[in-house]
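*Asks:* test case, fold it:
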Amino acid sequence: RVDGHGAMEAIQAPEVKKAVRALLAHEKRRAEEQRAGKEALFAAERTMFLQVGLKRMPKRRLEKPHKIPLPHPIYVESPNGVCLIVKTDVKKDTKAILQQSGIGAISKVLSVAKLRQNYREYEAKRKLSDEFDLFLADNRVLPLLPKLLGKNFFRKKKHPVPIDLRKGDISRAVDEAIRCTYLHINGQSNAVKIGHTEMAAKDVADNAMAAVRALDALVPGKWPAIQSVHLRSTDSIALPLYGSLPS
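*Replies:* Sure thing, here's the model as predicted:
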């Protein structure tokens, strides 16, 4: 059995850095080959994940994403930005507060009324899910979103992250949310974003270790329930960081 402290022994920071460097080098070579071959446009920035395999299927789906603070946030300067979904009557005030606070990561403040009006069709919902890297939502509108956003939205693990806009500092609540990554546990194989290919290897490795340390508290059954942990990019091979025998 490996507990949370044992995870630090099972997954060592030097090995994670080595794996990150190898994956970044692989992605760089692949990008150069595609450019040289004049193939289809290759994304300049590709997401990097920890793939967490569980020994058993969770007894129930946990739709609410688990928050993991990162030492090197990936959404603060996100290329596709962050969308915040709010109640219709607070949209104008929320936009003003965010502009005054200088939080540039929020690319769009979307009201429930506009969501209903402009994103009724499947294709519009699909484009919305692809348009932003992260979705946040006022927790007062969260129960409405599964129907308004559609199943495909959640299938892509673009679950809006709930934040409380009713108390305290709105800008602080948003800032805290975009400085985290999120683990969705809804099957035996679960991915958590830890960086992208334009980040420094050290920063991605630091984020990976932060996510590893959080797994023991977030995974049902804690660390002994984890079968494997791999590092991968959007569509790369998966590099093993940890593996255990089935129980």
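
*Asks:* what's the least confident helix or strand in this structure, going by average pLDDT?
*Replies:* Every helix and strand of the chain was ranked by mean pLDDT, DSSP states H and E. The lowest is helix 4-10, at a mean of 57.

*Asks:* quick check: next helix or strand after that one?
*Replies:* For helix 4-10, the following helix or strand on the C-terminal side (DSSP states H and E) is helix 13-36.

*Asks:* starting at the chain centroid, how far to the following helix or strand past that next one?
*Replies:* Downstream of helix 13-36, the next assigned helix or strand under DSSP H and E is strand 47-54. Mean-position distance between strand 47-54 and its chain equals 10 Å (C-alpha atoms, centre = their mean, to the nearest Å).

*Asks:* I'd like the next helix or strand past strand 47-54.
*Replies:* strand 62-69.

*Asks:* now do the next helix or strand after that next one, average pLDDT.
*Replies:* Per DSSP H and E, the first helix or strand lying C-terminal to strand 62-69 is strand 82-86. Computed over strand 82-86, the mean pLDDT rounds to 93.

*Asks:* in the sheet, which strands lie alongside strand 82-86, parallel or antiparallel?
*Replies:* Here strand 82-86 has these sheet partners by DSSP bridges: strand 106-111 (parallel), strand 134-138 (parallel).

*Asks:* so E45 sits against E198, correct?
*Replies:* Yes - in terms of C-beta atoms under 8 Å, E45 counts as a neighbour of E198; the distance is 4.8 Å. Bear in mind the C-beta positions are built from the backbone N, C-alpha and C, glycine included.

*Asks:* circling back to that earlier point, which one of the strands paired with strand 82-86 is the most hemmed in?
*Replies:* strand 134-138 (a mean of 23; mean count of other C-beta atoms under 10 Å).

*Asks:* run through who's touching that strand.
*Replies:* When contacts are defined by C-beta atoms under 8 Å, 6 or more residues apart in numbering, strand 134-138 is touched by residues 75, 78, 82-87, 90, 106, 145, 158-165, 174, 177-178.

*Asks:* what subset of those residues is buried?
*Replies:* Buried residues within the contacts of strand 134-138, counting neighbours by 16 or more other C-beta atoms under 10 Å: 75, 78, 82-87, 90, 106, 145, 158-163, 165, 174, 177-178.

*Asks:* flag every buried residue along stretch 201-209.
*Replies:* A201, D203, V204, A205, D206, N207, A208, M209.

*Asks:* do you know the pLDDT at the residue nearest to the fourth one when sequence neighbours are not counted?
*Replies:* Across the structure, with C-beta to C-beta, 6 or more residues apart in numbering as the measure, the residue nearest A205 apart from its sequence neighbours is K17 (4.2 Å). K17 is assigned a pLDDT of 95 by the prediction.
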